[in-house]
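Quick one, what's the 3D model for this:
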Amino acid sequence: MLLLLLLLPPLVLRVAASRCLHDETQKSVSLLRPPFSQLPPKSRSSSLTLPSSGDPQPLRIQTCYLGDHISDGAWDPEGEGTRGVSRALAAVREATQRIQAVLAVQGPLLLSRDPARYCHAVWGDPDTPNYHRCSLLNPEYKGESCLGAKIPDAHLRGYTLWPEQGPPQLVQPDGPGVQNTDFLLYVRVAHTSKCHQETVSLCCGWSTVAQSQLTAALTSWAQRRGFVMLPRLCLKLLGSSNLPALASQSVKITGPSVIAYAACCQLDSEDRPLAGTIVYCAQHLTSPSLSHSDIVMATLHELLHALGFSEQLFKKWQDCPSGFSVRENCSTRQQVTRQDEWGQLLLTTPAVSFSLAKHLGVPGASPGVPLEEEEGLLSSHWEARLLQGSLMTATFDGAQRTRLDPITLAAFEDSGWYQVNHSAAEELLWGQGSGPEFGLVTTCGTGSSDFFCTGSGLGCHYLHLDKGSCSSDPMLEGCRMYKPLANGSECWKKENGFPAGVENPHGEIYHSQSRCFFANLTSQLLPGDKTRHPSLTPHLKEAELVGRCYLHQCTGRGAYKVQVEGSPWVPCLPGKVIQIPGYYGLLFCPRGRLCQTNEGINAVTSPPVSLSTPDPLFQLSLGLAGPPGHCLGKEQQEGLAEAVLHALVSRGGTGRCYFHSPSITTSLVFTVHMWKSPGCQGPSVAMLYRALTLTLQKKPLEVYHGGANFTTQPSKLLVTSDHNPSMTHLRLSVGLCLMLLIFVGVLGTTAYQKRATLPVRPSPSYHSPELHGTRVPVRGIREV
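Numbering: from 1, shown residues only. You can find the predicted model right below:
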């Protein structure tokens, strides 16, 4: 088992994701609404009174944290609970501020009590005037709660005890209610059983013993390493059940844990949500794996559930044909969801159907928006294959990759309870303009969309913020996409960059303005690499094009340029492949993914500090002597160039970070560019250059390659410190015993030898033209 765990880290996909428990949570909560017979003439929860102007009014959300016990058991090591509560309340404040700018409704608030809680018996004689009213109080009644949060009496209606005949006896008067509030959100920070629903799901083929062993070991392993989310692995059992082994790189990591969960508890007379509770899992609030933005977005997700995006509330959505302001004509929608001919569950209301069609670039309205199915049941989340990155999918993968999208806002418009400010929507790139068949299980693996991938190679997440691995998860139902890796793959994090002195042959740059690009750039020649010959390799395999991190700078909407370590800025034409000075290979410029708004244009100045070449550029050329009549082919030249470079690095006693773009001509002239890459440890490039020229004059390099010996000749040492690498000046010096020193003129110039490049195209997934590419029945009450 220890061996298995040691093998896991290289295969781990990103685990900083959270799953949502809303559906099972909401089903455990009774939805209370005020009985019509008990509503006073001007009840605070009876209607949504709008101003005469009909202008949208901010939704007033009042948060209430009552400071209850942190956990069901003991928790709060070293004051962590206090810090967690502060973090939760800060996230709630920010999330409710965002909602207040989106959903608009006006109306005062007073919550109802549940007769099933405070009343033990009711009058059962239908001939009595107080038939079915409370005749006996429940002596155990402790008040109302919402998902474990105790509701203050000040927020609640009163209740009465009724004799068989005559006026009632007031037990508790109405509370003052909450003024200037449309929705009450109770906040808990707790350590509940739901917070530990972190399971390890194994594929068939595992024995029960092996599953139990692996589950226990992985749980311990993840907790020791401070993982917020526990992986769900899909492995195959080979050999002994006592020691499972990894069969392949087919490990699927999902099954994240729970950051928070929420439910709606009370409705008004039009079934609009009035109150709900959000429970934060205490152990995650102090985790460094979750940023403030992550907690805010998780809060926003749960808040939207409580406000109406819920399977338990879909059937209560209102249809207001005369408009939002004319409430008299509103009625419950006849159909909100349905199954299509393939059994897919759809949300079919008008606004979401039109919004999805617009997103996919389809005229008119779509049949509806697919909902995620959980164990064959309707869920409260969008289908991940179609709306990856939406705030209301079932799993949350970090604030950087999550959007409050237009389709989600359209759903709240369809609820009939809110007016929506659509300008607050954030652009959803996933599937944008991809047509009506996008996201289908039957099409996602055909290569018809570059949002999906095939195989298991490395590439870029579709937002290009992270490197990713082509993989799937249960929500994708067999479709595959580039999912972010867990081991420092965020291009936008500078701390993920190469440590000082570490070789960086692909020229990657990790920076807040860096993005992931499909590329195969290298500053080194690869011996025997036949893929750089078009005649030998007309089509490059997908695996040969991988995700790399490079700096980008927006120059306009959809327009940008890129920079590789040590290179100048190069315009990157969307849908095209480009070459980078100083590097072999090509870089693919994605279309429709980067710089899609005017924000961030010129956010990175050119050149950025410490990203351009810090030292002068030198060129070192060496003439080689080989066996008489020895002739080298193209591949042999490349191999010899690599061998000479290796000997040159050894002679200099430094790393390869000083040497770039080696090449060799048919006349056996070796040329290499010299500059000191950022982070390169050692002397200045000028000092190294002078030292090499002196030592090569005293002791030539000897290189054995391809069965032959090659030696550098002092008389053929061609050196230059000119900043222009396109020309090389020959300087010969002759020393005589005489007092006169005669300099010989320049013998000529040597043409700059153009580097060979890899004739590549992006992976087959890129097909650009240029590349070919209510209330429940009263329970527990008896009649008397």
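
from here on, contacts and neighbour counts on C-alpha atoms
Noted.

can I assume residue 316 sits in a strand?
No. Counting by DSSP: H, G, I helix; E, B strand; the rest coil, residue 316 falls outside a strand, being coil.

how much space between it and residue 273?
Taking Cα to Cα, to the nearest Å as the measure, residue 316 falls 10 Å from residue 273.

Between these two, point out the one with more neighbours.
Neighbour count, other Cα atoms under 10 Å: between residue 316 and residue 273, residue 273 has more, with 23 against 20.

which non-adjacent residue is nearest the more buried one?
Leaving aside its sequence neighbours, residue 273 sits nearest to residue 267 (Cα to Cα, 6 or more residues apart in numbering; 4.4 Å).

Can you report how many residues neighbour the one you found?
25.

residues contacting it?
By Cα atoms under 8 Å, 6 or more residues apart in numbering, the contact list for residue 267 reads 31, 32, 33, 34, 273, 274, 275, 774.

which among those residues gets closest to residue 464?
Checking the contacts of residue 267 against residue 464 with Cα to Cα, the nearest one is residue 273 at 38.1 Å.

Look up phi and psi at that closest one.
phi -60, psi 130 (degrees, to the nearest 10).

and residue 86, what helix or strand is that in?
According to DSSP states H and E, residue 86 maps onto helix 80-100.

Rounded mean pLDDT for that helix, please.
Averaged across helix 80-100, pLDDT comes to 74.

mind checking how far residue 304 is from residue 316?
Taken as Cα to Cα, the span from residue 304 to residue 316 is 15 Å.

whoops, residue 687 was the one
78 Å.

The residue nearest to residue 297 when sequence neighbours are not counted: how many residues sit nearby?
Distances taken as Cα to Cα, 6+ apart place residue 399 nearest to residue 297, at 6.0 Å, with adjacent residues excluded. Close neighbours of residue 399, defined as other Cα under 10 Å, add up to 18.

Enumerate every residue touching residue 399.
Contacts of residue 399 by Cα under 8 Å, 6+ apart are 293, 294, 297.

Would you reformat these as JSON lines and include distance to residue 187, secondary structure and neighbour count?
Formatted as JSON lines, the contacts of residue 399 follow (distance: Cα to Cα, whole Å; DSSP: H, G, I helix; E, B strand; the rest coil; neighbours: other Cα atoms under 10 Å):
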{"residue": "293", "distance to residue 187": "18", "secondary structure": "helix", "neighbour count": "15"}
{"residue": "294", "distance to residue 187": "17", "secondary structure": "helix", "neighbour count": "23"}
{"residue": "297", "distance to residue 187": "16", "secondary structure": "helix", "neighbour count": "24"}
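
Those residues into JSON lines, with extra columns for pLDDT and distance to residue 368?
Output for these, formatted as JSON lines (pLDDT from 0 to 100; distance: Cα to Cα, whole Å):
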{"residue": "293", "pLDDT": "88", "distance to residue 368": "31"}
{"residue": "294", "pLDDT": "89", "distance to residue 368": "29"}
{"residue": "297", "pLDDT": "90", "distance to residue 368": "25"}
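
residue boundaries of the helices in this structure?
2-7, 22-27, 80-100, 115-118, 208-224, 282-285, 292-307, 311-314, 350-360, 384-387, 406-414, 634-652, 685-698, 769-772 (DSSP state H).

circling back to that earlier point, and the helix holding residue 86, what does it pack onto?
strand 61-65, strand 183-190, helix 282-285, helix 292-307 (3 or more Cα pairs under 8 Å, 6 or more residues apart in numbering; DSSP states H and E).

Need the winner for burial among these.
Of all these, strand 183-190 has the most neighbours on average by mean count of other Cα atoms under 10 Å, namely a mean of 26.

Which strands or helices does that one pack on?
strand 61-65, helix 80-100, strand 149-150, strand 273-281.

pLDDT of the last one, averaged?
Rounded to a whole number, the mean pLDDT of strand 273-281 is 93.

can you list contacts of that strand?
Strand 273-281 is contacted by residues 45, 88, 109, 111, 146-147, 149, 182-192, 195, 258-268, 299, 302-303, 306-308 when judged by Cα under 8 Å, 6+ apart.

likewise the longest one?
Contacts of helix 80-100 from elsewhere in the structure, counted by Cα under 8 Å, 6+ apart, are 58-61, 63, 70, 75-76, 187, 189, 280, 282, 285-286, 292-293, 295-297, 299-300.

now do the first one
Strand 61-65 is contacted from outside by 92, 93, 96, 100, 181, 182, 183, 184, 185, 186, 187, 188, using Cα under 8 Å, 6+ apart.

Distance to residue 585 for the residues you listed - can I get that in CSV?
Output for the contacts of strand 61-65, formatted as CSV (distance: Cα to Cα, whole Å):
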residue, distance to residue 585
92, 48
93, 49
96, 49
100, 50
181, 61
182, 59
183, 58
184, 58
185, 56
186, 57
187, 55
188, 55
